[in-house]
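Student: Next come a sequence and a model predicted from it.
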Amino acid sequence: MDLPSLYSKLGKNSWKILDAIFRNLWNYKYVPLNVISNLANINEEKTRRILRALADDGIVVNKQTEYEGATLTFSGLSLFSLHLLVESGQVEAIGKKMGEGKESLVYNCISKQGEAVIKFHKLGYQSFKKVVEKRDYGNLNFLVLSIRSAKREFSALRKLKGLAVPEAYSWEGNAVLMQLIDADEMIKVKLENPEEILDAIIDEMAKFYRRGIVHGDLSPFNILVNEDGFWVIDFPQSLEVGEANWREILLRDLENLLRYFKRTYRIERDMNSVFQRIIGDSGS
């Protein structure tokens with residue numbers, strides 16, 4: 001998906017149609033043509049033609065069921081989310097794709113804060129299964145779940161502002177605009193002071209806890225390190241302390257961390273004592 005090229009192709013009426021679909025993602029699997037036409041204030045035949053062109057570019061999917069309708073693809077949702085960031089003045093230019101995984105797509109950009117990154121959330125079937133282990137999202141579709149995933153990450157990062165996480169600048173749709181961290185995944189780096197780093201990460205988990213956040217998917221893949229320190233990233237599966245299963249998920253995060261340091265650096269810690277160190281006297 002080449003977002004900059006797709007973005008430059010779209011005109012005013014295309015954005016109106018995408019806006020009409022976006023606003024109704026919570027109400028329909030496929031938004032009816034007449035609903036799109038009415039909201040966009042474009043006649044149905046012209047709306048139909050634009051939808052066909054958008055489908056050719058992989059931005060929407062048109063469907064004839066008991067009615068004629070359309071929905072966004074992941075590309076379409078990401079494009080419209082980018083459009084909202086641009087229109088609000090948060091993003092001035094989008095650059096190159098920095099990475100793509102099963103659950104996200106990351107581009108660098110120029111924001112009003114300077115160089116930054118946009119993370120587009122992409123909640124597919126596998127990550128959906130992980131999420132429903134922790135919370136009930138009912139029958140909502142993957143586009144809506146991707147939007148909720150982005151909102152959850154943005155909210156968590158805002159609550160953790162000032163700690164060892166990227167600063168979150170803005171959120172629209174499935175897109176989170178955040179600080180660019182120039183560092184490598186911990187799993188790709190040989191640490192010179194692993195025991196010191198482990199202690200610092202545990203202390204940071206305790207600070208997260210005190211602000212009411214459990215990461216939910218902590219691993220050496222989402223801890224970045226450089227000569228200046230470390231940062232914890234990827235919070236779409238985070239939980240608030242007090243949500244169902246938060247203790248079990250915090251223990252799982254801790255187990256992942258301790259297992260990595262034991263396997264890689266032969267550092268052993270007692271999990272129960274470290275867990276108590278994180279939650280202090282308040283964890284009951």
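Tutor: Perfect, I can see it now. Residues are numbered from 1 along each chain as shown.
Student: going forward, measure contacts and count neighbours with C-alpha atoms only.
Tutor: Fine.
Student: what does the strand or helix carrying residue 45 contact?
Tutor: Using DSSP states H and E, residue 45 sits within helix 44-56. Under the criterion CA atoms under 8 Å, 6 or more residues apart in numbering, residues 14, 17, 33, 34, 36, 37, 60, 61, 62, 70 lie in contact with helix 44-56.
Student: The fourth one should be in a strand, yeah?
Tutor: No. With DSSP: H, G, I helix; E, B strand; the rest coil as the criterion, residue 34 is helix rather than part of a strand.
Student: contacting residues for it?
Tutor: Listed by CA under 8 Å, 6+ apart, the contact partners of residue 34 are residue 44.
Student: Can you read off the pLDDT for it?
Tutor: Looking at residue 34, its pLDDT stands at 98.
Student: any idea how far it is from residue 40?
Tutor: As defined by CA to CA, to the nearest Å, residue 34 lies at a distance of 10 Å from residue 40.
Student: now swap in the second one and tell me
Tutor: Spatial separation of residue 17 from residue 40 under the definition CA to CA is 6 Å.
Student: Using CSV, write out every CA atom in the host helix or strand of residue 79.
Tutor: Element membership for residue 79 (DSSP H and E) is helix 74-87. Taking C-alpha atoms only, helix 74-87 is exported to CSV below (Å, rounded to 0.1, in the frame of the first residue of the first chain):
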residue,chain,number,x,y,z
PHE,A,74,-7.6,-1.2,5.5
SER,A,75,-6.0,1.1,2.9
GLY,A,76,-9.2,3.2,2.8
LEU,A,77,-9.4,3.5,6.6
SER,A,78,-5.7,4.5,6.8
LEU,A,79,-6.1,7.0,4.0
PHE,A,80,-9.1,8.7,5.6
SER,A,81,-7.4,8.7,9.1
LEU,A,82,-4.4,10.4,7.5
HIS,A,83,-6.7,12.9,5.8
LEU,A,84,-8.2,13.8,9.2
LEU,A,85,-4.7,14.4,10.6
VAL,A,86,-3.8,16.5,7.7
GLU,A,87,-7.0,18.5,7.8
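Student: helices or strands up against that helix?
Tutor: Contact partners of helix 74-87 among helices and strands, from 3 or more CA pairs under 8 Å, 6 or more residues apart in numbering; DSSP states H and E: helix 3-9, helix 12-23, strand 168-172, strand 175-179.
Student: For the helix or strand that it is followed by, enumerate the helices and strands it packs against.
Tutor: Going down the chain from helix 74-87, the next helix or strand is strand 91-100, by DSSP H and E. The contact analysis (3+ CA pairs under 8 Å, 6+ apart) places strand 91-100 against strand 104-111.
Student: neighbouring strands for the helix or strand just after the strand it packs on, and are they parallel or not?
Tutor: Counting by DSSP H and E, the next helix or strand C-terminal to strand 104-111 is strand 114-121. Looking at strand 114-121 with DSSP bridges, its partner strands are strand 104-111 (antiparallel), strand 175-179 (antiparallel).
Student: what sits up against the helix or strand that the shortest one is followed by?
Tutor: Under the assignment DSSP H and E, the closest C-terminal helix or strand after strand 175-179 is strand 184-185. For strand 184-185, contacts defined as CA under 8 Å, 6+ apart pick out 220, 221, 222, 223, 224, 225, 226.
Student: For the last one, which residues count as its bridge partners?
Tutor: Meaning residue 226. Applying DSSP bridges to residue 226 gives these bridge partners: residue 229.
Student: didn't it look like it was pressed against residue 188?
Tutor: No. Judged on CA atoms under 8 Å, residue 226 makes no contact with residue 188 at a distance of 11.1 Å.
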